[in-house]
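J.: Quick one, fold the following:
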Amino acid sequence: MTEAEGRKLHFWDAVWDLRVEQCPCDVHFCDWLEKEKIRDASIFHFGTGSHHIVGIRTAENGSNNCVLGITASPGEYDSFVKLAIDRPDVEKTYKVFFGDIYQLEDRLLPPFDVVTLFHLCEFRNERNDLYGALTDRQVTDMLTHKVRSGGYILFYTKSFAFDTAESTVIAHWEKEEKVEKVGMYETLLVYRKK
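T.: Okay, here's the model as predicted:
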């Protein structure tokens, strides 16, 4: 890899279709929102997939939730553009932006009621270091600070990187931040901000 290539944005050159048997986190999240009767909430969603099920279900179920999603996949972003054109009823409350989550800027983010960190520790590597990107812990802290008091932060326990996320980020984060473990819902680990 040349130096110029090394400084380019680290992105995911693939798309993730809805494969519930392999990765049910987005479906479990939608089920959890409905079970908990989360309404009129602003949600930050890490990793949209090309299926965009979180945005579609929240637009269709009458909850009046708004979702801001981030994807590092150009293909997933392209699928959002097509969805937005075809389904303005969904696009009204569902926005997706393309970017490296480790490049988030605190000043550009509004407060949220719910944050998903389903893909924590899956994507970051030495390529992100070449342009001074945040760490998984820094992203977790920043998004936690963006959650309103009483809001929720959720993790996906079946992620291939969950053991790493749990031992290197979550274990320290839950002791140092004002959060409390609510418990499990299906494959999701749920915390609430105090």
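J.: Tell me where this structure has helices.
T.: Assigned by DSSP state H, the helices in the chain fall at 3-6, 25-35, 53-60, 74-86, 88-91, 126-129, 136-146, 162-165, 171-176.
J.: distance of the closest residue to Asn65 other than its chain neighbours from Ala165?
T.: What sits nearest to Asn65 in space, not counting adjacent residues and going by CB to CB, 6 or more residues apart in numbering, is Thr58, at 4.4 Å. C-beta here means a position set from N, CA and C on the backbone, and glycine is covered the same way. From Thr58 over to Ala165 the distance is 25 Å, taken as CB to CB, to the nearest Å.
J.: Please apply the same query to Glu91.
T.: Applying CB to CB to Glu91 and Ala165 gives a distance of 31 Å.
J.: Those two: who's more crowded?
T.: Ala165 (25 against 17; other CB atoms under 10 Å).
J.: Roughly how far does that one sit from Arg137?
T.: 10 Å.
J.: go on, Leu108?
T.: 20 Å.
J.: And the two? Which one has more around it.
T.: Arg137 (17 against 7).
J.: Find the centremost residue of the chain, please.
T.: The centroid of the chain falls nearest to Phe46 when counting by CA atoms, centre = their mean (1.5 Å).
J.: Run the angle between the longest strand that the chain contains and helix 25-35 for me.
T.: Longest strand of the chain, by residue count under DSSP state E: strand 147-156. Calculated by axes from the mean of the first three to the mean of the last three CA atoms, to 10 degrees, strand 147-156 forms an angle of 130 degrees with helix 25-35.
J.: The residue nearest to the centre of the chain is in contact with Phe118, isn't it?
T.: Yes: using CB atoms under 8 Å, Phe46 makes contact with Phe118 at a distance of 5.9 Å.
J.: Run through this structure and note the low-pLDDT ranges.
T.: The model of the chain has pLDDT under 70 over residues 1-6, 12, 14-20.
J.: For His83, give me its contacts.
T.: Rather than His, residue 83 is Leu. 52, 55-56, 90-91 (CB atoms under 8 Å, 6 or more residues apart in numbering).
J.: Over to Ala161?
T.: 119-122.
J.: likewise Leu104?
T.: The contact partners of Leu104, by CB under 8 Å, 6+ apart, come to 70, 134, 139, 142-143.
J.: would you turn the residues you listed into CSV with distance to Lys95 and neighbour count?
T.: Putting those into CSV (distance: CB to CB, whole Å; neighbours: other CB atoms under 10 Å) gives the following:
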residue, distance to Lys95, neighbour count
Ile70, 10, 21
Leu134, 21, 19
Val139, 19, 20
Met142, 19, 16
Leu143, 16, 20
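J.: For the longest strand of the chain, name the packing helices and strands.
T.: helix 25-35, strand 112-116, helix 136-146, helix 162-165, strand 188-193 (3 or more CB pairs under 8 Å, 6 or more residues apart in numbering; DSSP states H and E).
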